[in-house]
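Enquirer: turn this into a model:
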Amino acid sequence: MGSLGVGKTQTVVQERSDAIGSVRANRFSRSSWLEIDLGIATSFAITACAVHFLFNGQYGYFRDELYYAACGQHLAWGYVDQAPLIALIAHVSRALFGDSLRALRFFPALSSGAKIFLAGWMVREFGGSRYAQILAGTAMLFCPIYLTMDNFLSMNAFEPVFWMLCVAIALWIIRSGRSRFWLLFGVVAGIGILNKHSMLFFGCALFLGLLVTRQRQLLRDPWIWAGGMVAFVIFLPNAIWEIRNHLPTLEILQNVDRIKNAHVSWLTFIAQQALLVHPIGTPICLAGLWFFLWSPRGAAYRFLGWTYLFLLLEFLVFRGRIYYLAPIYPMLFAAGAVAIESWIPYRGENWIRTAILTPLVFGGMVAAPLALPILSLNAAAAYANFWDVDSVRVEKYPSGKLPQLFADMMGWQHQVDVVAGVFRSLPQEEQSKAAILSVNYGEAGAIDYFGPTYGLPHAISGHNNYYLWGPRQYSGEVVITVGFTKSELEPFFGRIESAATIQNEYAIPEENNLPVLICREPRITLQKLWPRLKFYG
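Expert: Predicted coordinates for the structure are as follows:
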């Protein structure tokens, strides 16, 4: 009897085991990749990368990309107008993949996927499910500022990744109680500072956000201060470089604020945030701010809402450009998606949820040609004119036919072609000692990037970090200048010859109708002239 009972028990257990296995198998067979945890976020991330890989080989090199590449040939712990990481990324990109547009823009394309995945991870942390993942992923995928920044090499492409990694680590610490992870937070924050100094503003805002909420108890933990010390140690070499070079970043920020930036009122600054995230995506961000600041469900994350407000205040007070707030929006998209999902519970075929997603997709498609090089140049110019893009600008200078982003991609290769023709027109004995002096780092960067193909010497310029690299070995006996006028050079050279004019109707006006001059009979050496060419701006 006993053996019979055991047999029945074993049979029942086996049947239950088979039933559970059958349920799991059926559930798995009915599940798709998009129903797996974070599968939706991963799919959106892959899509974003694919979009950028598809379009980032269009138009031409952005002015700053050529400059970053030049900085990548002079690796240092700092530069006049940027932290050091972007130069290292440019150096690695060229070493691994070559000099093509797609090669230089490989890592920015990957960053697009990283920030979408982080937004999806935060959706899960905030308690969101499938629809919130789709909503956040759609908003991030079509967000104009990310479509723009992730399509070319810039520290702005990586900035949101560092900010959101810090947010993700803070959320993990709060949920798990593993305070030693503040050391990891410090590592990410420190590297983030080496990417862009605005990380310091984020760190200050996050600290204040913790201070004014109940999460201030985290500030009593010694590990958070140890994490701060780790970030400081990582940032220290760059800080030392700044001090040794007389704090050039402060000088350039003052000059840019005074000469270059187009200032707007506080109200306009706030209103134009809607252009960054898309007017149709703005309600999601507002819902995210509500989630953080007033929702009972978001009480544990209240400090993140205050972090946003303190960041906004910082950039208003210091008159930052409107896109300086861009790195913070993934967390608002994530929180807003969770809030909206909770307001519209799922009941079968819920048309309201679809109605929210549809205009987000179509609105993003309308905005995409203003952010990505999708259209032909003529069509892009007409499209930008239709939407009056030129009325919203971050710089005082006119952009010409195209939006400034696209205009700054025009004409660099042609500039080098013209300069190379002038260089080859010199007698052989003059070519060996000729210097190429340009007004700004864009022109100098183009010569250094494309010039080796033509056998051109390295360019020199008094603009930003090119000033620190100095006049190199050139004596100044023969100087080909790009962008200078005769009247500017007559005090320094006895003989000046007009050699060519560089023209490109799609380039920004300051890069169109550029004079190329050949200067001889110097009145002073380049070394003595050099301090008078300095311009940080």
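
Enquirer: pLDDT score for G348?
Expert: Note for G348: predicted pLDDT of 58.

Enquirer: how close does G470 get to A262?
Expert: Per C-beta to C-beta, to the nearest Å, G470 is found 32 Å from A262. All C-beta spots, glycine's among them, are computed from the backbone N, C-alpha and C.

Enquirer: got the phi and psi for H74?
Expert: Phi and psi for H74, reported as degrees, to the nearest 10, are phi -130, psi 60.

Enquirer: how far away is it from R124?
Expert: Distance from H74 to R124, by C-beta to C-beta: 43 Å.

Enquirer: with P515 instead?
Expert: For P515 relative to R124 (C-beta to C-beta), the value is 58 Å.

Enquirer: how about the contacts made by W387?
Expert: Contact analysis of W387 by C-beta atoms under 8 Å, 6 or more residues apart in numbering lists L370.

Enquirer: same drill for H74 and R124, tell me which one is more crowded.
Expert: R124 (16 against 13; other C-beta atoms under 10 Å).

Enquirer: where does pLDDT dip in the stretch 1-150 of the chain?
Expert: 1-37 (pLDDT under 70).

Enquirer: now the helices for it?
Expert: When secondary structure is read from DSSP state H, counting those that start in this stretch, the stretch 1-150 of the chain shows helices at 2-30, 39-55, 63-72, 85-97, 101-104, 106-125, 130-141, 144-149.

Enquirer: adding distance to P248, write these out as JSON lines.
Expert: Output for the helices of the stretch 1-150 of the chain, formatted as JSON lines (distance: least, C-beta to C-beta, whole Å):
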{"stretch": "helix 2-30", "distance to P248": "59"}
{"stretch": "helix 39-55", "distance to P248": "32"}
{"stretch": "helix 63-72", "distance to P248": "13"}
{"stretch": "helix 85-97", "distance to P248": "15"}
{"stretch": "helix 101-104", "distance to P248": "25"}
{"stretch": "helix 106-125", "distance to P248": "25"}
{"stretch": "helix 130-141", "distance to P248": "35"}
{"stretch": "helix 144-149", "distance to P248": "24"}
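
Enquirer: closest one to F406 among those helices?
Expert: helix 144-149 (10.1 Å; C-beta to C-beta).

Enquirer: check V394 and give its pLDDT.
Expert: Per the predicted model, pLDDT is 84 at V394.

Enquirer: that one against H263, yeah?
Expert: No: taking contacts as C-beta atoms under 8 Å, V394 lies outside contact range of H263: 9.8 Å.

Enquirer: more neighbours: which of those two?
Expert: V394 (16 against 11).

Enquirer: so where's this structure shaky on pLDDT?
Expert: For the chain, the stretches flagged by pLDDT under 70 are 1-37, 347-349.

Enquirer: just the element for the most centrally placed residue in it, please.
Expert: Among the residues of the chain, the one closest to the centroid is N156, at 1.8 Å (C-alpha atoms, centre = their mean). For N156, the element it lies in under DSSP states H and E is helix 155-176.

Enquirer: tell me what that helix is packed against?
Expert: Where contact means 3 or more C-beta pairs under 8 Å, 6 or more residues apart in numbering; DSSP states H and E, helix 155-176 is packed against helix 85-97, helix 106-125, helix 144-149, helix 182-195, helix 199-211, helix 329-343.

Enquirer: redo those as TSV? Include distance to I352.
Expert: What follows is those, written out as TSV (distance: least, C-beta to C-beta, whole Å):
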stretch	distance to I352
helix 85-97	43
helix 106-125	19
helix 144-149	25
helix 182-195	38
helix 199-211	33
helix 329-343	9
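
Enquirer: out of those, deepest packed?
Expert: helix 329-343 (a mean of 27; mean count of other C-beta atoms under 10 Å).

Enquirer: elements contacting that one?
Expert: Using 3+ C-beta pairs under 8 Å, 6+ apart: helix 329-343 touches helix 106-125, helix 130-141, helix 155-176, helix 273-277, helix 282-293, helix 302-317.

Enquirer: what's the angle from the helix or strand following that helix to helix 282-293?
Expert: Counting by DSSP H and E, the next helix or strand C-terminal to helix 329-343 is helix 351-371. Per axes from the mean of the first three to the mean of the last three C-alpha atoms, to 10 degrees, the angle that helix 351-371 makes with helix 282-293 is 110 degrees.

Enquirer: list the buried residues of helix 351-371.
Expert: 353, 356, 360, 363-364, 367-371 (16 or more other C-beta atoms under 10 Å).

Enquirer: what packs against the helix or strand just after it?
Expert: Per DSSP H and E, helix 351-371 leads on to helix 377-386 as the next helix or strand towards the C-terminus. When contacts are defined as 3+ C-beta pairs under 8 Å, 6+ apart, helix 377-386 sits against helix 351-371, helix 404-407.

Enquirer: so what touches the last one?
Expert: Under the contact criterion C-beta under 8 Å, 6+ apart, helix 404-407 has outside partners 59, 62, 148, 371, 373, 377, 380, 384, 393-395, 397, 399-401, 506-508.

Enquirer: can I have the buried ones of those residues as a ChimeraX selection?
Expert: Per 16+ other C-beta under 10 Å, the buried members of the contacts of helix 404-407 correspond to this ChimeraX selection:
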select :59,62,148,371,373,380,384,393,394,399,400,401,506,507,508
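
Enquirer: sorry, back to before: right, so of the helices of the stretch 1-150 of the chain, which gets closest to N238?
Expert: helix 85-97 (9.3 Å).

Enquirer: which residue comes closest to L375 once chain neighbours are left out?
Expert: P369 (5.1 Å; C-beta to C-beta, 6 or more residues apart in numbering).

Enquirer: and the one you found, what does it touch?
Expert: 375, 379-380, 383.

Enquirer: could you do C204 as well?
Expert: Applying C-beta under 8 Å, 6+ apart, the residues contacting C204 are 310, 314.

Enquirer: now it: how far from S198?
Expert: 10 Å.

Enquirer: again with E430
Expert: Distance from E430 to S198, by C-beta to C-beta: 46 Å.

Enquirer: cool, G39 as well?
Expert: Following C-beta to C-beta, the distance that separates G39 from S198 is 33 Å.

Enquirer: and L104, by the same measure?
Expert: 22 Å.

Enquirer: try I356
Expert: 32 Å.

Enquirer: what does I508 give?
Expert: Where S198 is concerned, I508 sits at a distance of 25 Å (C-beta to C-beta).

Enquirer: equivalent analysis for I328, please.
Expert: 10 Å.

Enquirer: how about A507, phi and psi?
Expert: phi -70, psi 160.

Enquirer: let me see the contact set for R472.
Expert: 435, 458, 460.

Enquirer: correct me, but the second one touches D448?
Expert: Yes: between H458 and D448 a contact is recorded at 5.7 Å, counting by C-beta under 8 Å.

Enquirer: looking at those two, which is more packed in?
Expert: When neighbours are counted by other C-beta under 10 Å, H458 and D448 differ, and D448 comes out ahead with 25 against 18.

Enquirer: list the buried residues of the helix or strand where the more buried one lies.
Expert: D448 belongs to helix 441-454 when assigned by DSSP H and E. Buried residues in helix 441-454, defined by neighbour count with 16+ other C-beta under 10 Å: 441-451.

Enquirer: and it, what other elements does it pack with?
Expert: Judged by 3+ C-beta pairs under 8 Å, 6+ apart, the packing partners of helix 441-454 are helix 63-72, helix 412-424, strand 434-438, strand 459-461, helix 465-469.
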